[in-house]
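Undergrad: how would this look folded up:
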Amino acid sequence: SISFYGQLKLEGERESASYPTLPTPTFTHDGHEVRLFLSLGSREELTCESLKIADGIGLVRTESFFFQHHRLPEEEEQVELFRHLLAAAPGKVLTIRAFDWGSDKPPPYMEELVEPNPALGKRALRLLLQMKSLFKNHIRALLRVLNEGNIQFLLPMVTDVEEVRLCKALIEEVRRELRE
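TA: Residues are numbered from 1 along each chain as shown. Okay, the predicted model is just below:
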């Protein structure tokens, strides 16, 4: 929205004196290129100045953007978020991590996730594979904006190859549904 971009412009003007200017590209003393990527968990963390010195957004913690909601995020809300991020970082890499919810950090609308051993229980990818409707909704939002920028999709807490196979099959299923 215009207010979002106006806020980015104002933040950039306020912060321009506080950020060092880094040469682009940046190299180590022995000639290896160093690429800098941002990690984002909220819109407030995204500023014009931080994007000027970054090569892209290396981690978008999608669950953090929707944590304050009182319900699961709708597909359109996710599409809007992804488009905002792409517009704020044109031509740069955007790595979107699938929702990483679990009993260690349950959103208020998923209190049933709380369990005694959060590390071994339902969380991250294991949870998403059990909540196929939610995961398909997330994948659909991502696929809808995929051709609008340089997007990568990160699967959280993968424990075995079978989980990757299941995710790839689910992504292909959603891709087919979008073509219909």
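Undergrad: point out where this protein drops to low pLDDT.
TA: Scanning the chain for pLDDT under 70 picks out 1-24, 48, 103, 111-113, 118-121.
Undergrad: tell me where it has helices.
TA: Using DSSP state H, the helices assigned to the chain run over residues 2-15, 48-53, 62-65, 75-88, 124-130, 132-145, 161-179.
Undergrad: first-to-last residue distance for stretch 63-83?
TA: End-to-end span of stretch 63-83 (Cα to Cα, to the nearest Å): 16 Å.
Undergrad: need the contact partners of that stretch.
TA: Stretch 63-83 has contacts (Cβ atoms under 8 Å, 6 or more residues apart in numbering) with 41-43, 62, 94, 96, 99-101, 105, 107-110, 134, 137-138, 140-142, 144-145, 148, 151. Where C-beta positions appear, they are placed from N, C-alpha and C, glycine not excepted.
Undergrad: report the buried members of the residues you listed.
TA: Neighbour-count burial (16 or more other Cβ atoms under 10 Å) applied to those gives 62, 94, 96, 99-101, 107, 110, 134, 137-138, 140-142, 144-145, 151.
Undergrad: separation between Asp166 and Asn137?
TA: Let me fix one detail, which is that residue 166 is Leu and not Asp. 16 Å (Cβ to Cβ, to the nearest Å).
Undergrad: distance of Leu86 from Leu51?
TA: Distance from Leu86 to Leu51, by Cβ to Cβ: 12 Å.
Undergrad: now do Tyr109
TA: Using Cβ to Cβ, Tyr109 is found at 31 Å from Leu51.
Undergrad: check Gly58 too.
TA: Counting by Cβ to Cβ, the separation of Gly58 from Leu51 is 12 Å.
Undergrad: now for these two: what residues contact both?
TA: By the contact definition Cβ under 8 Å, 6+ apart, Gly58 and Leu51 are jointly contacted by Leu38.
Undergrad: how about the nearest residue to Leu36, chain neighbours excluded?
TA: Closest residue in space to Leu36, ignoring its immediate chain neighbours: Ala54 at 5.0 Å, by Cβ to Cβ, 6 or more residues apart in numbering.
Undergrad: from Arg123, how far out is Lys105?
TA: Shown here: Lys105 relative to Arg123, a distance of 9 Å by Cβ to Cβ.
Undergrad: buried stuff in stretch 72-90?
TA: Here stretch 72-90 shows 72-73, 78-79, 81-82, 84-86, 88-89 as buried, counting by 16+ other Cβ under 10 Å.
Undergrad: any idea which of those residues is closest to Asn117?
TA: Checking the buried residues of stretch 72-90 against Asn117 by Cβ to Cβ gives Leu72 as the nearest, at 24.3 Å.
Undergrad: for Glu80, see how far away that closest one is.
TA: Separation of Leu72 from Glu80 (Cβ to Cβ) stands at 15 Å.
Undergrad: with Met110 instead?
TA: Between Met110 and Glu80 the computed distance is 22 Å (Cβ to Cβ).
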